[in-house]
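**Student:** next input, structure requested:
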Amino acid sequence: LPQYVLRDDLLGLCDRLQALLKGEPHREKIQAELAMLPLEALQAIRQLRTAGCSGEERTRLAALIRALQTLITRMGQLVARREIFQDIAEPPLRLQFGCVETEFKQVLEVFGACLRHGDGRRPLPALQGALDGLDQAVQAVRDRRRAAGRLPAEAPWRPLALVDRYHAPAEALEGCGRLLGGLQLQRYWGDHAL
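**Tutor:** As a prediction, this is how the structure comes out:
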């Protein structure tokens, strides 16, 4: 049934994004699957003709898929450059990068739980605390460098670009969470739990 294909594809997306974040081997295979799963999910939405799933709901599902595609792109960019970030960042920043990534994984776990149980209304972990910690660590490192005379007051600073690489997936995750929370999955997802 299309709703089960859709559910499995969305769960697969969450699992593959977590695998990407965890640095599991075969990154190219994971990324290829992340490219195909949204296309399969969009096709399943077009075939979805079940009671409780209105045309408006299908539009919301398609918006979620497109938001997940944005998330996939941003997460892929982050993971592709993560090693560089770790090499050039100071220890306080590396610690905060890890905290933010942990929060990303937790949000993806909640997405998976929502999809498994057909309930998009579950509360999501807040990313803002981890992002605030990252921003504070950046400011502390920058202030230390400026005080030591190693950074002119107006100089552009490379770690700010690194921080943006973490904020972009966070914004995409939050957008996906809002879209997921607006769905009425319980009406057509089935009464089974995986």
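
**Student:** could you measure A113 against P123, distance?
**Tutor:** 11 Å (CB to CB, to the nearest Å). All C-beta spots, glycine's among them, are computed from the backbone N, C-alpha and C.

**Student:** okay, these two: which has more neighbours?
**Tutor:** Neighbour tally, A113 and P123, criterion other CB atoms under 10 Å: the higher count belongs to A113, 15 against 8.

**Student:** which strand or helix spans the more buried one?
**Tutor:** According to DSSP states H and E, A113 maps onto helix 91-117.

**Student:** just the C-alpha atoms of the helix or strand that that helix is followed by, please, in PDB.
**Tutor:** Next along the chain after helix 91-117, taking DSSP H and E as the criterion, comes helix 128-147. Output in PDB follows, covering the C-alpha atoms of helix 128-147 (Å, rounded to 0.1, in the frame of the first residue of the first chain):
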ATOM      1  CA  GLN A 128      18.400  26.100  20.400                       C
ATOM      2  CA  GLY A 129      20.300  25.200  23.600                       C
ATOM      3  CA  ALA A 130      23.000  23.400  21.700                       C
ATOM      4  CA  LEU A 131      23.200  26.100  19.100                       C
ATOM      5  CA  ASP A 132      23.400  28.800  21.800                       C
ATOM      6  CA  GLY A 133      26.300  26.900  23.400                       C
ATOM      7  CA  LEU A 134      28.000  26.800  20.000                       C
ATOM      8  CA  ASP A 135      27.500  30.500  19.500                       C
ATOM      9  CA  GLN A 136      28.800  31.300  23.000                       C
ATOM     10  CA  ALA A 137      31.900  29.100  22.400                       C
ATOM     11  CA  VAL A 138      32.600  30.900  19.100                       C
ATOM     12  CA  GLN A 139      32.300  34.300  20.900                       C
ATOM     13  CA  ALA A 140      34.600  33.100  23.700                       C
ATOM     14  CA  VAL A 141      37.300  31.900  21.300                       C
ATOM     15  CA  ARG A 142      37.000  35.100  19.300                       C
ATOM     16  CA  ASP A 143      37.300  37.300  22.400                       C
ATOM     17  CA  ARG A 144      40.400  35.300  23.500                       C
ATOM     18  CA  ARG A 145      42.000  35.800  20.100                       C
ATOM     19  CA  ARG A 146      41.200  39.400  20.000                       C
ATOM     20  CA  ALA A 147      42.600  40.000  23.500                       C
END
